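[1] I would like to see how this sequence folds:
(one chain, ligands or ions: 1)
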Amino acid sequence: MGNKRVAKNSTDILCTALLVVILALIFSSSCNPSKQEEKNKFTNYFRQGEQLYVNHCSNCHQINGTGLGRVYPPLSQSDYMQENFESVLCLMRHGIEGELMVNGKQYNQPMPGIPTLTDLEIAEIATYIYNTWGNSRGIIDVKDAERILQGCNKQ
Ligand code: HEC
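    Here you go, the predicted structure:
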């Protein structure tokens with residue numbers, strides 16, 4: 001009688017242990033891919049953003065973001081970009097004109113907006129320009145971009 005109980009208890013313990021191991025495996029396998037997914041998402045945004053930057057922005061701001069003389073302001077190491085995050089998203093779509101200071105230098109040439117850029121494309125370009133040339137702001141999610149773009153002052 002007593003022995004049987006012991007045997008039953010040890011099977012119970014074994015089963016519980018097995019269950020714990022299985023649960024742990026399920027959890028760890030469902031947690032790691034989500035981290036991996038985040039990484040993949042960032043990489044996708046960044047790569048798309050780089051391509052879009054080359055196509056739409058590098059003519060003026062140059063491939064390496066240095067800008068051009070007194071005409072096109074730099075994006076690399078730009079204090080304007082650090083201080084005006086939301087405006088930067090807006091100016092991609094709506095353009096900007098008037099005097100503007102970047103790193104102590106004054107610029108005053110109108111930048112045409114690109115109204116055909118989607119919220120996602122703007123999020124991708126932002127992810128690129130805010131994570132290259134020494135920047136590391138992290139991903140700018142399309143949901144955040146969408147919210148910011150809805151609040152733009154259209155000129
Ligand atoms: C036709 C040339 C041209 C193109 C194309 C262009 N820009 Fe600009 N950009 C300018 C000019 C000129 C200014 C300065 C505007 C002013 O003086 O008011 C400017 C200003 C800026 C600024 C703010 C100042 C700074 O240097 O931090 C950012 C950020 C910026 N542009 C990003 C972009 C991005 C991103 C794209 C592509 C989606 C783009 N621009 C496409 C000409 C351009």
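
[2] my guess is Glu50 meets Tyr128, correct?
    Yes: judged on CB atoms under 8 Å, Glu50 makes contact with Tyr128 at a distance of 4.9 Å. C-beta coordinates here come from the backbone N, C-alpha and C atoms, glycine included.

[3] so those two - more neighbours on which side?
    For Glu50 versus Tyr128, the count of surrounding residues by other CB atoms under 10 Å is larger for Tyr128: 25 against 19.

[4] next structured bit after the helix or strand harbouring the more buried one?
    Tyr128 belongs to helix 119-129 when assigned by DSSP states H and E. Once helix 119-129 ends, the next helix or strand along the chain (criterion: DSSP H and E) is helix 142-150.

[5] which residues of this structure fall in helices?
    Assigned by DSSP state H, the helices in the chain fall at 2-56, 58-61, 79-83, 85-94, 119-129, 142-150.

[6] tell me which of the ones you listed sits most buried.
    Among the helices of the chain, the stretch with the highest mean neighbour count (mean count of other CB atoms under 10 Å) is helix 119-129, at a mean of 23.

[7] so for that one, mean pLDDT?
    In this model, helix 119-129 has an average pLDDT of 98.

[8] what do you get for stretch 86-102?
    Per-residue pLDDT over stretch 86-102 has a mean of 98.

[9] stretch 51-61 too?
    Stretch 51-61 carries an average pLDDT of 98.

[10] how about that stretch and the ligand, any contact?
    Yes: contact of stretch 51-61 with the ligand (CB under 6 Å from any ligand atom) involves 56-57, 59-61.

[11] starting at the chain centroid, how far to that stretch?
    Between the centre of stretch 51-61 and the centre of its chain there are 18 Å (CA atoms, centre = their mean, to the nearest Å).

[12] and Ser136, what pLDDT?
    95.
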